[in-house]
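Engineer: Sequence and computational prediction follow.
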Amino acid sequence: MSGCIFCKIINKEIPKEFRFESDAVVAFDDISPSADVHILIVPKKHIREVGEVGDQDAELLIEVYKTVNKLVKANNLENNSYRVVVNGGFAQHVPHLHFHLLGGQWKKYV
Ligand code: 5GP
Ligand code: ZN
């Protein structure tokens, strides 16, 4: 969607190193990390927020969590602490659905 910062990153209009990319999902480091490891897992499809997820997105959500699992392993977080956070309402600042993977020491609230 035009004007969406995450769509621009996904479409490579803004250069960004991806930690993972598939046909449906990208993952990249948060610009302002809230934890030792802070990776955003972002569906390529522009879904505004969790309330817009529908039955048609079931496979996409499975891929998101499989990506989380890959990143947990790649960052040796299995035997550390990690959380997956999805913000909504006034707590969500970028209006393109995304999942925060926060690993290790938590520094601030996302
Ligand atoms: P939200 O509050 O929407 O759940 O989280 C948005 C997240 O996106 C924040 O943690 C913020 O630091 C991150 N963010 C905002 N703009 C950019 C950007 O241009 N690049 C990257 N890598 N992260 C961004
Ligand atoms: Zn978007």
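Structural biologist: That came through, no problem. Quick caveat, the model's predicted, so the values are computed rather than measured. Ligands and ions are numbered 1, 2, ... in the order given.
Engineer: Can you name the residues of this structure sitting close to ligand 2?
Structural biologist: Counting by C-beta under 5 Å from the ion, the chain comes close to ligand 2 at 1, 4, 6, 7, 46, 96. Any C-beta I mention is one placed from the backbone N, CA and C, and that applies to glycine too.
Engineer: if you go through the chain in chain order, where are the helices?
Structural biologist: 5-10, 58-74 (DSSP state H).
Engineer: hey, which of the ones you listed is tucked in deepest?
Structural biologist: helix 5-10 (a mean of 18; mean count of other C-beta atoms under 10 Å).
Engineer: My read is that residue 20 contacts residue 70, right?
Structural biologist: Yes: assessed by C-beta atoms under 8 Å, residue 20 is found in contact with residue 70 at 6.3 Å.
Engineer: returning to that earlier point: can the helices of the chain go into CSV with extra columns for mean pLDDT and distance to residue 31?
Structural biologist: Shown next, in CSV, are these (pLDDT from 0 to 100; distance: least, C-beta to C-beta, whole Å):
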stretch, mean pLDDT, distance to residue 31
helix 5-10, 98, 10
helix 58-74, 98, 17
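Engineer: Which one, of these, ends up nearest to residue 81?
Structural biologist: Closest of the helices of the chain to residue 81 is helix 58-74, at 10.9 Å (criterion: C-beta to C-beta).
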